[in-house]
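Generate a structure from the sequence data that follows.
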Amino acid sequence: MPHRHEVNNKFQGETLVRKGLMRQQHDTPTLRLVPELNVVKIGGHGAIDYGREVVMPLMEEIGELSKQYKMLVVTGGGVRVRHILDIGIDLGMPTGVLAELAGKISEQNAVIVTLLLSKWGGSRIKTGDLLDLPTLLHLGLLPVVHGTPPYGLFEHPPAMGLIPPHRTDTGALLMADVLGAKSCILVKNVDGLFTEDPHVNPKAELIEEITADDLIKLDMEDMVLERKMLHLLRDTVNVKEIRIVNGHKRGNIERAIRGEKVGTVIRA
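Reported below is the predicted structural model:
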């Protein structure tokens, strides 16, 4: 058998899938690039699509908060994502293509939000620019990025259907974790996670706190966040909880940043 050329290292000869090797690395501390960062994801469906009445006060709130807290604003897609997915699926587009198409919409919203936040130093960045974040924050800028993860054509096949499972909620969590952020906050149009859609059933009950595992076990018909987030939250290294707050109510974002009781907390 031919001799393999090796370079001496701890992983020499490893398959990189051996469970024993994984266990050895499990508790290794990682660098937290921006430990005071608050990742605030603005839903397209829950905020931006409502237009001026909701968006302008929200921009002012975030802009003023950025003077006191380090923030990364992440944008979702909203109604236009639903439109392009509807057309794409009707025309037989594969999941990877659907992911490419949907990502363009959240990028458009990032441009809009950046311009609206220009008064407070809003600065559009792309996913490849995340390592520039410490410098941008040091300069007093307020970075804005779209939330669609850059899987594109390599998007993971969903367990059911064709809709890409990694969308903007998921992207916000992945960015928060790799940056070692302090918090990951999802800004929606409801007061948190409910047992049912409160817009459909006003008697639905608010779930103030729950673990990812318990929420997965509930196997709810519908949720206010992407299911993939729950599975990722169990494995994240730095971010151990997600907060869901109502962005239509002034003050909720700061309460979430300060760790006060508001909305729903989903813990790893």
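
could you show me where the strands are in the chain, in order?
With DSSP state E, the ranges of strands along the chain come out as 37-42, 70-75, 122-124, 142-146, 183-188, 193-194, 206-207, 209-211, 241-246, 264-267.

JSON lines please, covering these and showing distance to residue 159, mean neighbour count and mean pLDDT.
(Each C-beta comes from the backbone N, C-alpha and C, glycine too.) Output for these, formatted as JSON lines (distance: least, Cβ to Cβ, whole Å; neighbours: other Cβ atoms under 10 Å; pLDDT from 0 to 100):
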{"stretch": "strand 37-42", "distance to residue 159": "23", "mean neighbour count": "27", "mean pLDDT": "98"}
{"stretch": "strand 70-75", "distance to residue 159": "25", "mean neighbour count": "26", "mean pLDDT": "98"}
{"stretch": "strand 122-124", "distance to residue 159": "34", "mean neighbour count": "19", "mean pLDDT": "97"}
{"stretch": "strand 142-146", "distance to residue 159": "25", "mean neighbour count": "26", "mean pLDDT": "98"}
{"stretch": "strand 183-188", "distance to residue 159": "22", "mean neighbour count": "27", "mean pLDDT": "98"}
{"stretch": "strand 193-194", "distance to residue 159": "21", "mean neighbour count": "24", "mean pLDDT": "96"}
{"stretch": "strand 206-207", "distance to residue 159": "23", "mean neighbour count": "16", "mean pLDDT": "96"}
{"stretch": "strand 209-211", "distance to residue 159": "21", "mean neighbour count": "16", "mean pLDDT": "97"}
{"stretch": "strand 241-246", "distance to residue 159": "21", "mean neighbour count": "23", "mean pLDDT": "98"}
{"stretch": "strand 264-267", "distance to residue 159": "20", "mean neighbour count": "20", "mean pLDDT": "98"}
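
out of those, which comes closest to residue 89?
Distance to residue 89, taken as Cβ to Cβ, is lowest for strand 142-146 among the strands of the chain, at 21.5 Å.

Pull the number of nearby residues for the closest residue in space to residue 196 that isn't next to it in sequence.
Using Cβ to Cβ, 6 or more residues apart in numbering and skipping residues adjacent in sequence, the residue nearest residue 196 is residue 204, 3.9 Å away. Using other Cβ atoms under 10 Å, residue 204 has 15 other residues around it.

Would you check that residue 204 makes contact with residue 193?
No - Residue 204 lies out of contact with residue 193 (Cβ atoms under 8 Å); the separation is 9.9 Å.

Return the distance of the residue most central in space within the chain relative to residue 226.
Nearest residue to the geometric centre of the chain (Cα atoms, centre = their mean): residue 172, 1.9 Å. According to Cβ to Cβ, to the nearest Å, residue 172 and residue 226 sit 10 Å apart.

Residue 147 too?
10 Å.

what about the two, which has more around it?
Neighbour count, other Cβ under 10 Å: between residue 147 and residue 226, residue 147 has more, with 30 against 21.

ok, now which ones touch the more buried one?
41, 74, 75, 76, 106, 167, 168, 169, 170, 171, 172, 175 (Cβ atoms under 8 Å, 6 or more residues apart in numbering).

let's go with 7 Å and repeat that
The contact partners of residue 147, by Cβ atoms under 7 Å, 6 or more residues apart in numbering, come to 41, 74, 75, 76, 106, 168, 171, 172.

May I have the beta-bridge partners of residue 242?
residue 266 (DSSP bridges).

distance of it from residue 173?
In this view, residue 242 and residue 173 are 7 Å apart by Cβ to Cβ.

now residue 25
When distance is defined by Cβ to Cβ, residue 25 is 21 Å away from residue 173.

More neighbours: those two, which one.
The residue with more neighbours, out of residue 25 and residue 173, is residue 173; 29 against 9, by other Cβ under 10 Å.

That one reaches residue 229, doesn't it?
Yes - Residue 173 is within contact range of residue 229, at 5.4 Å (criterion: Cβ atoms under 7 Å).
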